[in-house]
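Chemist: Need the 3D shape of this:
(4 chains)
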Protein chains: 2
Amino acid sequence: MEQRLLRSGQLAKMAGVSTDLLRHYERIGVLPAAIRAPNGYRLYPPQSAKRVCTVRSSVAIGFSLAELSRIFAMRDRGGIPCHKVRALAEEKLHLVEQSLKELEALRRHMCETLRLWDQRLAEAGRGRRAELLESLTEIPGKRKAAASSFKKGFRK
Amino acid sequence: MEQRLLRSGQLAKMAGVSTDLLRHYERIGVLPAAIRAPNGYRLYPPQSAKRVCTVRSSVAIGFSLAELSRIFAMRDRGGIPCHKVRALAEEKLHLVEQSLKELEALRRHMCETLRLWDQRLAEAGRGRRAELLESLTEIPGKRKAAASSFKKGFRK
DNA sequence: ATCGACCCTGGAATGGGTTCCAGGGTCAAG
DNA sequence: CTTGACCCTGGAACCCATTCCAGGGTCGAT
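Modeler: Next comes the predicted model:
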């Protein structure tokens, strides 16, 4: 049975990640600490591959490693974090939708900006300054958040 | 005429930013170094307010401070960076559009995920583990980039 | 004289997943 | 015995706009 244990490089290749990342996941607590061979090498049980994939998928939809760590820890204590997990995911969905709105607004603003700039460039002619950036302050575009909520609050 | 000069706090209030940010902008080179009063206080010409607003607007649509610094420097050397500015903005628009696509895909993936989870939760019943996160690896959702291009490459 | 409001400096912190690094072992094949 | 592939460690670097900090001046008003 012991032959089925994986060394870090093997697991990394299977999961499509770097060995650095495996160690990082272990540090954070989203991947259980592997047992060690006599020489100190990590030996992972095969199901670690699934765990790594789970972590990656979860991160991809917005879970932070810290959240995942808490969730797995709750499970290990016999808890049932499903309710919490669902709630978190829904929260993240709302953030994504909020970001989509902001990003769409930004896209419109940028399109409008380019349109105005081309106008200005045509009017200014060659070798003339068009002061494009300055004209930004004249465009009604709300220079507020601009998709910042996505970059800031996507994870927490 | 000298009465029209602004101290950092005044300019900051006018532009709606912190004095820390003004100093930062000066360091980076997007805000010309202010002259100094005999006591060492910065004294800004009134047009600095416009400059600060320009920087903020530019940052809001994706320009990095480093890019802006280059652009303003080019101008100061008598250059005409309008062409470059337009090209940069268009590039940023493409990034935003790319991000929108990814984010929209992520939204769909998350909606689908929640739907499946609710199904699983109903099947599992109360007090049962539903292994929600694990089920992520079974969903066809491309766990690829997931709007990463926005977070990574928005500025450069 | 003292209080509060303002200003100065440069460097560090923030966030957070991921990568990179130096300095050092293990082991099998050639 | 050497080469090369693999593994170990903990801490730093990355990105980058913005904020925070400590330690220290300046100034007008009470």
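Chemist: Could you list the low-pLDDT ranges of chain A?
Modeler: A:1-3, A:140-153, A:155-156 (pLDDT under 70).
Chemist: show me where chain A has strands.
Modeler: Listed in chain order, the strands of chain A (DSSP state E) span A:35-36, A:42-43.
Chemist: Can you say which of the ones you listed is nearest to B:Leu121?
Modeler: Evaluated over the strands of chain A, closeness to B:Leu121 peaks at strand A:35-36, with 33.8 Å, by C-beta to C-beta. For the C-beta atoms, the positions are set from N, CA and C on the backbone; glycine is no exception.
Chemist: how about the closest one, does it reach DNA strand C?
Modeler: No. Using C-beta under 7 Å from any atom of the strand, strand A:35-36 never reaches DNA strand C; the gap is at least 11.3 Å.
Chemist: Partner strands of that strand and their direction?
Modeler: Using DSSP bridges, strand A:35-36 pairs in its sheet with strand A:42-43 (antiparallel).
Chemist: The partner strand and DNA strand D, any residue contact?
Modeler: Yes. Under the criterion of C-beta under 7 Å from any atom of the strand, DNA strand D is reached by strand A:42-43 at A:Arg42.
Chemist: hmm, the longest helix along chain A touching DNA strand C?
Modeler: Counting by DSSP state H, the longest helix found in chain A is helix A:82-124. No. Interface with DNA strand C: helix A:82-124 contributes nothing (C-beta under 7 Å from any atom of the strand), its closest point being 11.3 Å away.
Chemist: Then stretch A:13-20?
Modeler: Yes. Using C-beta under 7 Å from any atom of the strand, stretch A:13-20 reaches DNA strand C at A:17-18, A:20.
Chemist: so how far is that stretch from its chain's centroid?
Modeler: The chain centre lies 18 Å from the centre of stretch A:13-20; the measure is C-alpha atoms, centre = their mean, to the nearest Å.
Chemist: what's the span of stretch A:34-44, first residue to last?
Modeler: Terminal residues of stretch A:34-44 are spaced 5 Å apart (C-alpha to C-alpha, to the nearest Å).
Chemist: Buried residues, it. List them.
Modeler: In terms of neighbour count (16 or more other C-beta atoms under 10 Å in any protein chain shown), stretch A:34-44 has its buried residues at A:34, A:42-44.
Chemist: now those residues in JSON lines, with distance to A:Leu88?
Modeler: Formatted as JSON lines, the buried residues of stretch A:34-44 follow (distance: C-beta to C-beta, whole Å):
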{"residue": "A:Ala34", "distance to A:Leu88": "27"}
{"residue": "A:Arg42", "distance to A:Leu88": "30"}
{"residue": "A:Leu43", "distance to A:Leu88": "32"}
{"residue": "A:Tyr44", "distance to A:Leu88": "27"}
